[in-house]
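Return a 3D structure for these sequence lines:
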Amino acid sequence: MSAAQGCTAKEIARTFGIAPGTVVKRLSVAMFKLGVNRQTAMIAEAMRRQIISPLCLLFMSVIVLHAVLGDESMRRERRAP
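Now for the predicted structure:
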């Protein structure tokens, strides 16, 4: 899903706490299984086969935006007595 949002291997690795090489390997395995050579083609083929759907990408975008924006700024800080 992160690849579908245009994240780099380093960004995906940082998000999941794994090595960038692991991300590259997993993406290349997925591309091989889908029979494509590029990440954009992998996303398109996964959507064509209904492995992922546009609605799923929309939900993932909302989750990412919520995490980025956070709701901490709306909380009122209370002072200890």
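
can you pull the buried residues of the lowest-mean-pLDDT helix or strand in the chain?
Least confident element among the helices and strands of the chain, by mean pLDDT, DSSP states H and E: helix 54-69 (a mean of 72). Buried residues in helix 54-69, counting neighbours by 16 or more other C-beta atoms under 10 Å, are absent. To be clear about C-beta, it is placed using only N, CA and C from the backbone, and glycine gets the same treatment.

swap in stretch 15-25?
Quick answer for stretch 15-25 (16+ other C-beta under 10 Å): residue 23.

now that stretch: mean pLDDT?
Averaged over stretch 15-25, pLDDT sits at 90.

Against residue 26, how distant is the most centrally placed residue in the chain?
In the chain, the C-alpha nearest the mean C-alpha coordinate belongs to residue 2, at 1.8 Å (C-alpha atoms, centre = their mean). Between residue 2 and residue 26 the distance is 11 Å, computed by C-beta to C-beta, to the nearest Å.

quick one: the helices in the chain?
9-16, 20-34, 39-48, 54-69 (DSSP state H).

relative to helix 9-16, how tilted is the second one?
Here helix 20-34 points in a direction 110 degrees away from that of helix 9-16 (axes from the mean of the first three to the mean of the last three C-alpha atoms, to 10 degrees).

Alright, that wraps it up for me.
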